[in-house]
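[1] give me a model of this one.
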Amino acid sequence: MASETERPRVVVSVTTSVDGRLTLGGDRRLIEPANADAWQSMLPESAQRLEALRAERLRDRYGHYATLEGSGSLVADAAASPFGPGHESKPDLLADHLPPELVGREGHESWFAVVDGRGRVRWTMKRVGGADLLVLTARAAPAAYLSFLRAEGIPYLVAGEERVDLGAALRRMRERLGVACVVATGGGRLGGALLRAGLVDEVELLVAPAAIGGTGVPSLFDGPELAEGDAPVRLRLMSADAEDDGMLWLRYEVAGQT
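    Prediction:
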């Protein structure tokens, strides 16, 4: 999989039900308070402690990692860009935008990176949980969106034509920002895209003792079915811990990784 000189190590780190669901319904994003409260009500007492410990262990292993989310965690899947249709932008807008006063700022520690190739999120904040916002976008993003990001001083990297090329974006994060580890906490489509692109190195799962079911409910790795002749990605169990209240903490590495 990844060479340390090519791209950051990618860890998919999420909390799921026993059937691998990431939310309670297809359009019930956890960013919305009512949905977040309903999700939290299903988790036993140990979940919050384990989530904090998992984040701490990741920092211990990889330092100040970048968090990776998909725009689908923030806006409805069918939402159009508020900046109009996409088209080829002016060359100056298609250059990566990394304001030196932000990238080189004293005290900067980590990034909250969001894949948004269509310019669907109108950002109202520049930091998330102490991390600086970084947008990963594509050449087809609306010019008005890229202009908005520049006007707001929000850094972005351009990778891919119609869609964000995740492999290229990750390599740029390493080359231009020195990111050594990316922790993907987003929805099933982001996880599925990373898996199909061969970009997953490690999987950290907190599994709640609950089943959700349903068709179209986001799950751990959503995406196209395996092509005929393709093999599943084999994993090696690195650790497994069980709490008395039923929570599981499972850590896997893609087979062949060191």
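
[2] any idea how far stretch 137-155 is from the chain center?
    Averaging C-alpha positions (C-alpha atoms, centre = their mean, to the nearest Å) puts stretch 137-155 19 Å from its chain's average.

[3] and the contacts of it?
    The list of residues contacting stretch 137-155 from outside it, by C-beta atoms under 8 Å, 6 or more residues apart in numbering, reads 81, 83-90, 93-94, 97-99, 102-103, 116-119, 122-123, 126, 132-135, 156-165. C-beta coordinates here come from the backbone N, C-alpha and C atoms, glycine included.

[4] with just CA atoms, put stretch 145-153 into PDB.
    Coordinates of the C-alpha atoms in stretch 145-153 are reproduced here as PDB (Å, rounded to 0.1, in the frame of the first residue of the first chain):
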ATOM      1  CA  TYR A 145     -16.500  28.800  -4.900                       C
ATOM      2  CA  LEU A 146     -12.700  29.000  -5.300                       C
ATOM      3  CA  SER A 147     -12.900  32.800  -5.200                       C
ATOM      4  CA  PHE A 148     -14.900  32.500  -2.000                       C
ATOM      5  CA  LEU A 149     -12.300  30.300  -0.400                       C
ATOM      6  CA  ARG A 150      -9.500  32.700  -1.300                       C
ATOM      7  CA  ALA A 151     -11.500  35.800  -0.100                       C
ATOM      8  CA  GLU A 152     -12.100  34.000   3.200                       C
ATOM      9  CA  GLY A 153      -8.500  32.900   3.600                       C
END
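
[5] give the rounded mean pLDDT of it.
    Mean pLDDT, taken over the full extent of stretch 145-153, equals 95.

[6] list of residues touching the helix or strand in which residue 192 is found?
    Following DSSP states H and E, the helix or strand that holds residue 192 is helix 188-196. Surrounding helix 188-196, the residues in contact under the criterion C-beta under 8 Å, 6+ apart are 10, 12, 14, 22, 68-70, 72-73, 115, 166, 184, 200, 218-224, 233.

[7] which element is the residue nearest to residue 179 when sequence neighbours are not counted on?
    In this structure, residue 179 finds its nearest non-sequential neighbour in residue 173, 4.2 Å apart by C-beta to C-beta, 6 or more residues apart in numbering. Using DSSP H and E, the element containing residue 173 is helix 166-177.

[8] again, but for residue 52
    Per DSSP H and E: helix 46-62 holds residue 52.

[9] tell me which residues in that helix are buried?
    Across helix 46-62, burial judged by 16 or more other C-beta atoms under 10 Å covers 46-47, 50-51, 54-55, 58, 62.

[10] same question for stretch 35-48.
    Across stretch 35-48, burial judged by 16+ other C-beta under 10 Å covers 35, 39, 43, 46-47.
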